[in-house]
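Asker: Here's my sequence, what's the structure:
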Amino acid sequence: MINDLVLLPIAGIFIGLISTIFGVGGGIIAVPTIYELFPALTPASVIGTSLAMIFCNSLLNLSNFARKGQKIQINTLGSIVLPMSAGVLIGIECIDYLSTTQVKLFLVFIVFMTAVRLLWKAYFYHKKKFQSISFSQRPKLLIFIILIGGFVSGLTGLGGGVVIIPLIINFFHTPLKELPVISNFAIASGAFVGLIRFSTSENIELGLTELLNHFQIGKINFLIAFCLFTGSFLTSRLGVKLSGKIHPRLANILFASLLIIMGTRLLIKTI
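Answerer: As a prediction, this is how the structure comes out:
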């Protein structure tokens, strides 16, 4: 078990990089890793633990972006916080109606779909520019996108960025380099709601070691979350510096390859 805890910061190193470069919360790495290393945890605890880590990681990323001069626009806060929070709560409530296998298979589906989208973009990459559309021009669409991202976050433990980022790019043509700040803010607000909701839930975990039980509060294991965060802490600032500098085609291929490997391992262990 100690060896498993040592592996968590290694996963966190990748989380720190992808969350700042791509604007995802890091749950797409954290959740499969937790399922792999700690199979005794229920889906609710895996999701809650992931959201706890994501909340800390997103705040760290926002701090590093602010130091770089990149900040969220005040007029978009309401269109992000409320729908993201509502989506997360709806997703959390749906967990009780799904089995462990169903939750894992839904996660695998999201992971593979994200990988396919990234590879498709890498293969058909071009430099054609589109005129970006202001969020104020399509406020209802932005709210709907954030709501869907929050639902996926609450149901799977992902930050929601894997849904938010591609939809905003497709419908608003916002440059990728501008999205990590927006996405991390949405992810942080949703993860905070999940953190409160899961930490106040009844703890019914079975089969955990004495050390893990000591750090289990509600449906969140703060030791696992902390170990993941230590790795992301080391690479968050580097990711901010690399954000927008890595060629999109190379970045998409690398990230997609990592997702395919992790998704395949989770699928094999699930079926």
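Asker: Which parts of the protein are strands?
Answerer: 216-217, 220-221 (DSSP state E).
Asker: Can you say which of the ones you listed is nearest to L208?
Answerer: Across the strands of the chain, the minimum distance to L208, taken as Cβ to Cβ, is reached by strand 216-217, at 6.6 Å. In this view, the C-beta of every residue, glycine as well, is placed from N, C-alpha and C.
Asker: contacting residues around the closest one?
Answerer: S45, S199, N203, E205, L208, F222 (Cβ atoms under 8 Å, 6 or more residues apart in numbering).
Asker: and of the strands of the chain, who's closest to K71?
Answerer: That would be strand 220-221 among those, by Cβ to Cβ, at 29.1 Å.
Asker: Indicate each strand paired with the closest one and its parallel or antiparallel sense.
Answerer: strand 216-217 (antiparallel) (DSSP bridges).
Asker: what's the average pLDDT for the partner strand?
Answerer: Average pLDDT, strand 216-217: 92.
Asker: residues near the residue lying closest to F255 once chain neighbours are set aside, how many?
Answerer: Leaving aside its chain neighbours, F255 sits nearest to L118 (5.7 Å; criterion: Cβ to Cβ, 6 or more residues apart in numbering). A total of 25 residues lie near L118 under the criterion other Cβ atoms under 10 Å.
Asker: Which of the contacts of strand 216-217 are buried, as a PyMOL select command?
Answerer: The buried residues among these can be selected in PyMOL (16 or more other Cβ atoms under 10 Å) with this line:
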select buried, resi 45+199+205+208+222
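Asker: Least confident of the contacts of strand 216-217?
Answerer: Within these, lowest confidence goes to E205 (65).
Asker: ok so, going back, where's the residue nearest to F255 relative to G25, distance?
Answerer: For L118, the distance to G25 equals 16 Å [Cβ to Cβ, to the nearest Å].
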